[in-house]
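*Asks:* Structure, please.
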Amino acid sequence: MKHTRSVLNSLFSGALAGAVAKTAVAPLDRTKIIFQVSSARFSAKEAYRLIYRTYLKEGFLSLWRGNSATMVRVIPYAAIQFCAHEQYKRLLGGYYGFQGKTLPPVPRLLAGSLAGTTAAMLTYPLDMVRARMAVTPKEMYSNILHVFVRISREEGMKTLYRGFTPTILGVVPYAGLSFFTYETLKKLHAEHSGRLQPYSYERLAFGACAGLIGQSASYPLDVVRRRMQTAGVTGHTYGTILGTMREIVSEEGVIRGLYKGLSMNWVKGPIAVGISFTTFDLTQILLKKLHQMGYAAR
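*Replies:* Coordinates of the predicted model:
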């Protein structure tokens, strides 16, 4: 019963963490995807112009276009990822004899990578749909279900998994390094401050560092993934990871192509990951307190 409650708490806390974090950075996320899938040169000025033009042409809420698809994907993704991370930590802790304690570095990295891989495998088609909605006009796809139906009819069911391999290859270092960095910083903080629980602003800072490191390490694969996902609506025929990379590099160069939008990610990523980890931790603490109060009331 205690284990079941722990799993449910992790699922709820993860879902809330993902929803809050992604909604907070949705306009920047949409802008980043638009640049990633086009050959237009990226700069902070051009990103600002794109956001402003979108606002003038389509209205303020259009900056969150595709966010409903993001929520449909990110809520189960974050719930599974955070819950899986807790379970992998428990399993690896038992295996290595660190049950209830912070894992050693290698198992810590492994737990994060396995959690990210598990979540990505179970929710990938929703990520594909979200990318399509972010780069297309409202007239093309009216809602999430419409995207699924049109892709299935016009491009085949296999298209829903286009870009799956670079996603998995990218999520291993991203999730692994993100969770590893966050857990490591919390451990170092506890050792040096003597406080078991960091303050909220410290959690945000630890999460920001985790996001910065994790996203920088996996960014080129994120660009490749987006190009492959949106190939059906951008007129390209990206087939393989290496072929996509070669085409991007030959047309746009290494830095301007494979790392396009990274500077925006250095703003968006740390904010999103910081909010996500902090929301998860604080929700977990709140749920435990509420449960204890429930017992105390009895």
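
*Asks:* Pull up the distance across stretch 132-150, start to finish.
*Replies:* Across its full length, stretch 132-150 reaches 11 Å between end residues, using C-alpha to C-alpha, to the nearest Å.

*Asks:* Could you list the buried residues of it?
*Replies:* 132-136, 141, 144, 147-148 (16 or more other C-beta atoms under 10 Å). Backbone N, C-alpha and C define where each C-beta goes, glycine included.

*Asks:* and what of stretch 276-293?
*Replies:* Quick answer for stretch 276-293 (16+ other C-beta under 10 Å): 276-284, 287.

*Asks:* same deal with stretch 259-277?
*Replies:* So stretch 259-277, judged by 16+ other C-beta under 10 Å, has buried residues 259-262, 264-266, 268-277.

*Asks:* picking up where we left off before, redo the buried residues of stretch 276-293 as a markdown table? Include distance to A175, secondary structure and pLDDT.
*Replies:* Below are the buried residues of stretch 276-293 laid out as a markdown table (distance: C-beta to C-beta, whole Å; DSSP: H, G, I helix; E, B strand; the rest coil; pLDDT from 0 to 100):
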| residue | distance to A175 | secondary structure | pLDDT |
| --- | --- | --- | --- |
| S276 | 12 | helix | 95 |
| F277 | 12 | helix | 95 |
| T278 | 17 | helix | 95 |
| T279 | 17 | helix | 96 |
| F280 | 14 | helix | 96 |
| D281 | 17 | helix | 95 |
| L282 | 21 | helix | 95 |
| T283 | 19 | helix | 95 |
| Q284 | 18 | helix | 94 |
| L287 | 23 | helix | 92 |
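
*Asks:* Can you give the domain ranges for this structure?
*Replies:* Annotated domains of the chain cover 1-42+269-297, 59-161, 174-260 [the TED database].

*Asks:* related to what we said a few turns ago, nearest to T23, of the buried residues of stretch 132-150?
*Replies:* A134 (14.2 Å; C-beta to C-beta).

*Asks:* Make sure the closest one is actually in contact with I33.
*Replies:* Yes: in terms of C-beta atoms under 8 Å, A134 counts as a neighbour of I33; the distance is 4.5 Å.

*Asks:* Using the three-state scheme, assign the residue nearest to L28 when sequence neighbours are not counted.
*Replies:* Leaving out its chain neighbours, the residue that sits closest to L28 by C-beta to C-beta, 6 or more residues apart in numbering is K268, at 4.2 Å. Put simply, K268 is helix when judged by DSSP: H, G, I helix; E, B strand; the rest coil.
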